[in-house]
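Colleague: Pasted the sequence and its predicted model underneath.
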Amino acid sequence: MTSNASIAQLRKNYTFGQLLEAELAPNPLSFFQIWFDQAVKAECPEPNSMTLATADAAGNPSARIVLLKGADEAGFTFFTNYESQKGKELAVRPHAALLFHWHELERQVRIKGTVDRVSSDESDAYFNSRPAASRIGAWASPQSAEIPNREFLEEAEKRFSAEFGDKPPRPAHWGGYRLHPTEIEFWQGRPSRLHDRIHYQLEGDQWRITRLAP
């Protein structure tokens, strides 16, 4: 096991770039698209992977990696099982945070906002674009529920494959969410831990831009 002393000595000096106010867009969603495109071009592994943090009714937080499936002026879209832990938490507390980390570019983007479900038509369209095996998986997995063993999933997969073939419909318990941002922070690593942090705060229908100390 790695010792605490060894962990404490792990360090990296960030030297890749900088983030100056002159580079910013008035709307953070436009600036996010610029950074996202750069992450794709830099071949960051799964640039659309993001940490999604939610909380239950008592305020206990939980976080997991999910995949971004859309980003535009409306917000940030992802899909999941509505009956999963995150689905249940979003039902009682429709607020969440997202975190993108693009290690190769020494960048992070932190996002907070309110969350609601996308339309059935939008969920249908995305579900039907998925590979058939993934669509069957949405039926076979009672996500976040306790199951007896691995065979339970494999038998469910066989059962639903036999029932639906290669054209499974979208389950009623599966669909999309959209996070509507109220805060977005762009973080660029800099030397000596004097990182650049640019914060956007939605005030009415306008975004207020400030620089935060690292």
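Modeller: It's in.
Colleague: okay, CA-based contacts and neighbour counts for the rest of this
Modeller: Will do.
Colleague: so where's the protein uncertain?
Modeller: Judged against pLDDT under 70, the low-scoring parts of the chain cover residues 1-5.
Colleague: ranges for the helices of it?
Modeller: The residue ranges that make up the helices of the chain, judged by DSSP state H, are 4-8, 28-41, 85-92, 120-129, 132-140, 150-164.
Colleague: can you list the ones you listed in a markdown table and add mean neighbour count and distance to Arg64?
Modeller: As requested, those are exported to a markdown table (neighbours: other C-alpha atoms under 10 Å; distance: least, C-alpha to C-alpha, whole Å):
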| stretch | mean neighbour count | distance to Arg64 |
| --- | --- | --- |
| helix 4-8 | 8 | 23 |
| helix 28-41 | 16 | 20 |
| helix 85-92 | 19 | 9 |
| helix 120-129 | 14 | 21 |
| helix 132-140 | 20 | 18 |
| helix 150-164 | 14 | 21 |
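Colleague: who wins for proximity to Thr77 among those?
Modeller: The stretch from the helices of the chain with the least distance to Thr77 (C-alpha to C-alpha) is helix 120-129; that distance is 10.3 Å.
Colleague: by how many degrees do the closest one and helix 132-140 diverge?
Modeller: Angle of helix 120-129 versus helix 132-140, following axes from the mean of the first three to the mean of the last three C-alpha atoms, to 10 degrees, is 120 degrees.
Colleague: Run the chain-centre distance for helix 120-129.
Modeller: Once both centres are worked out by C-alpha atoms, centre = their mean, to the nearest Å, helix 120-129 turns out to sit 18 Å from its chain's centre.
Colleague: What of stretch 125-134?
Modeller: On the basis of C-alpha atoms, centre = their mean, stretch 125-134 sits 19 Å off its chain's mean C-alpha point.
Colleague: and the helices of the chain as JSON lines, adding distance to Thr210?
Modeller: Below are the helices of the chain laid out as JSON lines (distance: least, C-alpha to C-alpha, whole Å):
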{"stretch": "helix 4-8", "distance to Thr210": "32"}
{"stretch": "helix 28-41", "distance to Thr210": "12"}
{"stretch": "helix 85-92", "distance to Thr210": "29"}
{"stretch": "helix 120-129", "distance to Thr210": "35"}
{"stretch": "helix 132-140", "distance to Thr210": "42"}
{"stretch": "helix 150-164", "distance to Thr210": "49"}
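Colleague: Cool, thanks, talk later.
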